[in-house]
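# Quick one, fold the following:
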Amino acid sequence: MTFSMNSELAARYNEPHRKYHNIKHIAYMFKTFKEHFDPRAAEEILLYEDGEYGPNTITGVGQYAGAIAVAIKYHDVVYEPEKGDQYNVSESVKLMWEEYPPTRKYLFHPEKVAKAIMNTTHHTISEQDEQDPIYCAIAGTLFDLDLWHLSDAEKLQETNKLIQQEYNATDEQWAIGRSQWLRKFLERDTIYNTSIGAERETIARRLLEDDLKELESRL
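Numbering: from 1, shown residues only. You can find the predicted model right below:
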């Protein structure tokens, strides 16, 4: 599957320090969107490039395919692990606004896309935001695509190794830090935010529990 991305974004996603949060991660998210969420919506995404994204006649999340496309492409465009998640999402949103300045009018709900990107630090939708169906469609889909690998055993193990490399973490450092992340994640009521993601909730939880047990055995 192919998707459009301007040269500046592509250069950022191909930075040498990125082992997981790179162009392959973005391609995986687009591929997953097409295969599991709405094939027709994904086809629509490919028709857009650097113009004005907007809702189309497709039903479901496909109504917001353009917004989801922007969110996917910009959510990790700045990635410097040592500076922390908040810095990375804030800078990523700044670059999105440079491409789509708020002085212009767009049809793809850029303010909701920006908010969704900011909230990838925790991948959850607040009770207040649940009252906004457009935001829920955009953010919920973005979050689930970003976490899709958690429900794929082979992809999860591959991802773990690559993220450990990004952080230059020793095996002990990784076991401690990742265990803390896993415990916090498993305390959530749900991992996924959409009805499509919910179908993979059970397997994701089992894989994360197995991962946690394995890491704890090292400590």
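
# quick one: Glu98 from Glu154, how far?
The gap separating Glu98 from Glu154 is 37 Å, by CB to CB, to the nearest Å. (Each C-beta comes from the backbone N, C-alpha and C, glycine too.)

# cool, and Lys19?
17 Å.

# The two: who's more crowded?
Between Lys19 and Glu154, counting by other CB atoms under 10 Å, Lys19 is the more crowded of the two (16 against 8).

# May I have the phi/psi pair for that one?
Main-chain torsions, Lys19, degrees, to the nearest 10: phi -110, psi -40.

# For it, give me its contacts.
By CB atoms under 8 Å, 6 or more residues apart in numbering, the contact set of Lys19 is Leu162, Ile163, Gln165, Glu166.

# Reformat those as JSON lines; add pLDDT and distance to Glu82.
Listed next are the contacts of Lys19 as JSON lines, based on pLDDT from 0 to 100; distance: CB to CB, whole Å:
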{"residue": "Leu162", "pLDDT": "98", "distance to Glu82": "16"}
{"residue": "Ile163", "pLDDT": "97", "distance to Glu82": "14"}
{"residue": "Gln165", "pLDDT": "97", "distance to Glu82": "14"}
{"residue": "Glu166", "pLDDT": "97", "distance to Glu82": "10"}
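
# So how do I select the buried members of these in PyMOL?
Remark: buried members of the contacts of Lys19, expressed as a PyMOL selection using 16 or more other CB atoms under 10 Å:
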select buried, resi 162+163+166
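
# Between the contacts of Lys19, which sits nearest Glu8?
Relative to Glu8, the closest of the contacts of Lys19 is Glu166; by CB to CB it sits at 21.2 Å.

# is it true that that closest one touches Tyr20?
Yes - with contacts counted by CB atoms under 8 Å, Glu166 reaches Tyr20, the gap being 6.1 Å.

# The contacts of Lys19 in helices, which ones?
Of the contacts of Lys19, the ones assigned to helices by DSSP state H are Leu162, Ile163, Gln165, Glu166.

# List the contacts of the residue nearest the centre of the chain.
What sits nearest the mean C-alpha location of the chain, by CA atoms, centre = their mean, is Asp146, with 2.9 Å. Applying CB under 8 Å, 6+ apart to Asp146 gives the contacts Met29, His75, Thr120, His123.

# got the ones in helices among the contacts of Lys19 as JSON lines, with distance to Tyr192 columns?
Shown next, in JSON lines, are these (distance: CB to CB, whole Å):
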{"residue": "Leu162", "distance to Tyr192": "22"}
{"residue": "Ile163", "distance to Tyr192": "20"}
{"residue": "Gln165", "distance to Tyr192": "26"}
{"residue": "Glu166", "distance to Tyr192": "24"}
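
# what domains does the record give for the protein?
As recorded under automatic domain parsing, the domains making up the chain are 7-146, 151-216.
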